[in-house]
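**Q** Next input, structure requested:
(one chain, ligands or ions: 1)
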Amino acid sequence: MKLLIIGGVAGGATAAARARRLNEDAEIVLFERGEYISFANCGLPYYIGEVIKERDSLLVTTVNDFKERYAIDIRIFTEVTAIDRDNQQVAVKNLKSGETYHEPYDKIILSPGAEPFMPMIEGIHLDNIFNLRNIPDSDRIKTFIDEKKPESAVVVGGGFIGLEMAENLAVRGVKTTIVEKLDQVMPSLDFEMASFMSAHLKEKGVECILGDGIRSFSENNGRLTVNTEKSEHLDCDLAILSIGVKPENRLAKNAGLEIGRRGGVKVSATMQTSDPNIYAVGDAVEITDYVTGFNTMTPLAGPANKQGRIAADNVMGRRSIFRGTIGTSVVKMFDLTVASTGANERFLIKNDIPFLASYTHSGSHASYYPGAEMMAIKLFFSPSTGKILGAQIIGKEGVDKRIDVIATAIHGTMTVYNLEELELAYAPPYSSAKDPINIAGFVAANILKGDIRNINWNEMIDIDPETNVLIDLRNPDELKEAGWINGALHIPLPDLRKRVKELDPGKNYILFCAIGLRGYVGYRILSQKGFKAQNLSGGYKTFLGAKEKIMAESPDTPLWKAE
Ligand SMILES: Cc1cc2nc3c(=O)[nH]c(=O)nc-3n(C[C@H](O)[C@H](O)[C@H](O)COP(=O)(O)OP(=O)(O)OC[C@H]3O[C@@H](n4cnc5c(N)ncnc54)[C@H](O)[C@@H]3O)c2cc1C
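**A** Take a look at the predicted model:
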């Protein structure tokens with residue numbers, strides 16, 4: 001058996017190690033275009049920010065160590081330029097010597113990754129514009145910062161890498177502006193959740209220009225000007241382009257392998273391409289969305305590593321299946337942790353998938369133990385079965401473990417009723433007797449059981465002020481501190497029972513408090529007294545996150561003008 005692996009980082013290196021562990025006799029050759037194999041691309045922004053101090057720490061393993069441990073023929077600075085499927089050989093070029101040759105194969109595992117998307121606009125090749133994909137890219141950015149001491153930067157694109165770079169540039173004292181074409185950062189999240197992030201970026205001195213794309217770059221006395229579609233001209237010392245990645249599909253395409261609609265290499269659940277002798281993994285492939293069964297691409301390290309292992313299993317005759325991705329991800333953004341898993345609202349709507357959403361705001365641990373922080377959880381679930389479809393969580397503490405619980409629940413096709421029941425570790429420094437996951441489960445299950453009728457912020461946009469009345473259940477000092485919604489009746493929850501006689505049974509009452517808990521209690525009171533009522537999901541806190549969009553979409557509705 002002669003196995004060729006193309007690409008030596010996340011998927012490729014994993015596949016190589018696994019293949020060797022399963023087959024001591026196989027001949028395994030690993031081709032890597034660059035100088036390094038198995039390096040920590042995910043650590044690159046933190047190396048630039050000097051959170052990771054030593055460059056060597058980025059090397060998960062060295063070529064020599066890997067060679068010694070796994071007896072693999074590793075060829076760095078070596079590019080595979082073509083796959084000749086008829087003759088079962090690849091064309092190879094040594095990028096140092098220029099030498100070219102052919103290498104025969106029995107099987108191939110392709111793991112060429114994805115390349116940063118480069119818009120072909122004026123000025124794109126100017127010196128001070130950087131991409132970040134590998135160690136040489138991070139060297140270039142870090143050297144520029146170390147030597148030129150830039151004062152300001154523009155990060156184009158507000159996804160994972162853009163946000164991580166914005167934070168790390170800010171940590172290095174560089175005044176940073178993010179330009180993002182969408183009206184929010186972090187496209188995997190929904191608008192109202194992402195708005196917590198933009199507010200936090202602002203607090204940390206990072207400006208966000210949202211809803212605007214870049215038109216061109218120009219030089220300006222050694223500095224750079226970023227010209228946006230809405231005619232902003234942003235002078236800066238450097239720009240980082242992080243507007244997404246596209247699969248490196250050239251080899252596969254030229255070899256006539258089937259390519260999916262999104263440009264990724266099509267693979268089966270065993271990671272086999274349309275050619276039974278060629279497998280493909282990682283950022284370059286299209287895979288199945290575990291929740292919906294649709295085709296998708298998830299350029300993340302977790303799936304790439306798992307798929308590398310699975311492809312190696314199958315190549316070596318052990319059947320192994322990749323059941324799909326749920327896109328679980330987490331990102332640190334200054335003091336916030338932002339995480340998501342499964343589907344988001346835009347995706348569910350676009351694909352006509354029925355869903356309900358709940359919002360909860362819970363403490364990361366018992367409020368009486370110091371250091372508890374609130375986390376916002378948005379949970380999606382099926383209206384008919386309660387099956388969990390996705391979640392987004394933002395907060396300062398304990399977000400990563402909660403998203404992992406929900407990711408596990410999705411993988412186990414669990415429902416919101418299971419979330420109610422989950423017995424999770426509790427002591428005051430870590431959680432509450434009702435963990436935020438349980439709370440999210442309770443609220444979602446309450447909705448399904450009809451114990452509460454919720455209204456989500458986006459349903460408020462078209463609401464008729466003649467038939468609906470808002471009731472603010474918070475205490476007066478909370479209104480002073482956090483603001484209020486014009487036109488809402490103010491009845492603090494403790495007064496609701498005695499003031500119920502002031503209410504008109506012909507109206508629908510939309511109750512809200514800070515986060516939704518008192519709204520639920522208020523709902524139970526009014527509904528049992530025969531009133532039509534709804535609880536504003538996630539309370540005033542979620543409403544505030546969505547306020548801009550509500551204002552933009554219904555500017556003439558006086559009711560929603562939050563102060
Ligand atoms: C800055 C940054 C931060 C990231 N942070 C995270 C994170 O926090 N969490 C997360 O889950 N994911 C993160 N990712 C994404 C993650 O790194 C990728 O999803 C993962 O590395 C994909 O693995 P892969 O094997 O498909 O491709 P890669 O790891 O990119 O490896 C592909 C390799 O193939 C080589 N290659 C391509 N074509 C050829 C050829 N023809 N011949 C020889 N060699 C070739 C390339 O040089 C490259 O080294 C980050 C990525 C970047 C760039």
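
**Q** and residue 24, how many neighbours?
**A** Neighbour count of residue 24, defined by other C-beta atoms under 10 Å: 7. Placement of C-beta: from N, CA and C, glycine included.

**Q** tell me which element it falls in.
**A** For residue 24, there is no host helix or strand (DSSP states H and E).

**Q** Quick check: neighbours of the helix or strand where residue 391 lies in the sheet, parallel or antiparallel?
**A** In the assignment (DSSP H and E), residue 391 maps to strand 388-395. Note on strand 388-395: by DSSP bridges, its sheet partners are strand 336-342 (antiparallel), strand 374-381 (antiparallel).

**Q** Nearest to residue 468, out of those strands?
**A** strand 374-381 (23.2 Å; C-beta to C-beta).

**Q** ok now that closest one, how far from the chain's centre?
**A** Its chain's C-alpha centre and that of strand 374-381 lie 15 Å apart, by C-alpha atoms, centre = their mean, to the nearest Å.

**Q** and the strand or helix carrying residue 524, which residues are buried?
**A** In this assignment (DSSP H and E), residue 524 forms part of helix 517-528. Neighbour counts over helix 517-528 (16 or more other C-beta atoms under 10 Å) mark 517-520, 522-523, 525-527 as buried.

**Q** Mind putting these into a markdown table with distance to residue 211 and pLDDT?
**A** What follows is the buried residues of helix 517-528, written out as a markdown table (distance: C-beta to C-beta, whole Å; pLDDT from 0 to 100):
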| residue | distance to residue 211 | pLDDT |
| --- | --- | --- |
| 517 | 34 | 91 |
| 518 | 35 | 96 |
| 519 | 31 | 96 |
| 520 | 35 | 95 |
| 522 | 36 | 97 |
| 523 | 35 | 97 |
| 525 | 41 | 97 |
| 526 | 39 | 97 |
| 527 | 40 | 96 |
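
**Q** Turn these into a markdown table, including distance to residue 44.
**A** Putting the buried residues of helix 517-528 into a markdown table (distance: C-beta to C-beta, whole Å) gives the following:
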| residue | distance to residue 44 |
| --- | --- |
| 517 | 42 |
| 518 | 45 |
| 519 | 44 |
| 520 | 45 |
| 522 | 49 |
| 523 | 48 |
| 525 | 54 |
| 526 | 54 |
| 527 | 53 |
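
**Q** sorry, back to before: now the strand holding residue 391: mean pLDDT?
**A** For strand 388-395, mean pLDDT rounds to 98.

**Q** and the gap between the closest residue in space to residue 252 that isn't next to it in sequence and residue 5?
**A** Closest residue in space to residue 252, ignoring its immediate chain neighbours: residue 265 at 4.5 Å, by C-beta to C-beta, 6 or more residues apart in numbering. Distance check for residue 265 against residue 5: by C-beta to C-beta, to the nearest Å, it reads 15 Å.

**Q** again with residue 357
**A** 42 Å.

**Q** What are the neighbouring residues in contact with the closest residue to the ligand within the stretch 251-400 of the chain?
**A** Going by C-beta to the nearest ligand atom, the ligand is nearest to residue 282 of the stretch 251-400 of the chain, at 2.1 Å. Residue 282 is in contact with 7, 10-12, 111-113, 303-304, 307-308, counting by C-beta atoms under 8 Å, 6 or more residues apart in numbering.

**Q** Within range of the ligand, give me the residues from the stretch 251-400 of the chain.
**A** Within reach of the ligand by C-beta under 6 Å from any ligand atom, the stretch 251-400 of the chain has these residues: 251, 282-284, 299-302, 304.

**Q** of those, buried ones?
**A** Buried among these by 16+ other C-beta under 10 Å: 251, 282-284, 299-301, 304.

**Q** Now that we have the residues you listed, can you turn them into JSON lines and tack on pLDDT, distance to residue 488 and secondary structure?
**A** Listed next are these as JSON lines, based on pLDDT from 0 to 100; distance: C-beta to C-beta, whole Å; DSSP: H, G, I helix; E, B strand; the rest coil:
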{"residue": "251", "pLDDT": "98", "distance to residue 488": "60", "secondary structure": "helix"}
{"residue": "282", "pLDDT": "98", "distance to residue 488": "51", "secondary structure": "helix"}
{"residue": "283", "pLDDT": "98", "distance to residue 488": "48", "secondary structure": "helix"}
{"residue": "284", "pLDDT": "98", "distance to residue 488": "52", "secondary structure": "helix"}
{"residue": "299", "pLDDT": "96", "distance to residue 488": "44", "secondary structure": "coil"}
{"residue": "300", "pLDDT": "97", "distance to residue 488": "42", "secondary structure": "coil"}
{"residue": "301", "pLDDT": "97", "distance to residue 488": "46", "secondary structure": "helix"}
{"residue": "304", "pLDDT": "98", "distance to residue 488": "49", "secondary structure": "helix"}
